[in-house]
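Engineer: From the sequence below, what's the structure:
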Amino acid sequence: MLTYEEQVILKEISEGNEIAFKKLFNEWQPRLSSFIFKISKSRELTEEIVQDVFLKIWMTRENLENIDNFKAYLFTACKNHALNAVKKNLLELQKLQKIELQLNLTEDGFFHESIDDKFSFIDRAIQSLSDRQKQVYLLSRYEKLTYQEIADRLGIGKESVKTHMKHAIASITEIIKNRNLVLLAILNHISENF
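Structural biologist: The predicted model follows:
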């Protein structure tokens, strides 16, 4: 049974009073968030569920006067919404796991490939660098020379070495990032058609 105060606030909300609605939200949000978090175990999902439930209340506000036990109505709506969200997330996770198995992906997001294959990919990325960038990168990474030692060996300034190294690393990073984007696009395509 509704208290007199609940009857008044629900009537005001059913008539479109946004201040009354905000008051209702502020009153119930902490308790509902705590309740939903026990189900969802996710702060983001909890916040989303509370907002969705209150959005639904606002969208169907004309029916609020017909509710006899608002607390029970609110907690039931939140519980159902939270359980549906958790089920949806679980199904998406299971779907993704099936896709990963189909694609033979490892935990780091790469296709199963040998260490040699991974190094081969990085070698190809290094080979795509300009000659000077490649020289600087290899002297730094493989011969472990300092920037000054590289500058002395190549007859260029230390600042030039830094610039070449910066561009080399950016290029290699971009190639690896693009490769991962391609893999992600393949994953998305398969998941949409799964």
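Engineer: what ranges do the helices span in this protein?
Structural biologist: Along the chain, the segments classed as helices by DSSP state H run 4-14, 18-40, 43-59, 70-103, 115-127, 131-141, 147-154, 158-192.
Engineer: If you average pLDDT over each of these, which is lowest?
Structural biologist: Least confidently modelled of the helices of the chain is helix 115-127, at a mean of 70 by mean pLDDT.
Engineer: Who are the contact partners of D52?
Structural biologist: H81 (Cβ atoms under 8 Å, 6 or more residues apart in numbering). Just so you know, the C-beta spots here come from the backbone N, C-alpha and C atoms, and that holds for glycine as well.
Engineer: Need the residue in the protein that's farthest from the chain's center.
Structural biologist: Here the centre of the chain is the reference, and by Cα atoms, centre = their mean the most remote residue is G155, at 47.0 Å.
Engineer: show me the contacts for the residue lying closest to I169 once chain neighbours are set aside.
Structural biologist: Nearest non-adjacent residue to I169, counting by Cβ to Cβ, 6 or more residues apart in numbering: Y137, 7.6 Å away. Neighbouring residues of Y137 by Cβ under 8 Å, 6+ apart: I126, L129, H164, M165, A168, I169, I172.
Engineer: Hmm, the third one is touching L139, no?
Structural biologist: Think H164. No. Contact criterion Cβ atoms under 8 Å: H164 and L139 do not qualify, at 10.0 Å.
Engineer: Among those two, which residue is more densely surrounded?
Structural biologist: Taking other Cβ atoms under 10 Å, H164 and L139 do not tie; H164 has more neighbours (23 against 20).
Engineer: Just give the nearest non-adjacent residue to that one, would you?
Structural biologist: Using Cβ to Cβ, 6+ apart, the nearest residue to H164 is V136, at 4.1 Å.
Engineer: I'd say the one you found and L154 touch.
Structural biologist: Yes. Using Cβ under 8 Å, V136 makes contact with L154 at a distance of 7.3 Å.
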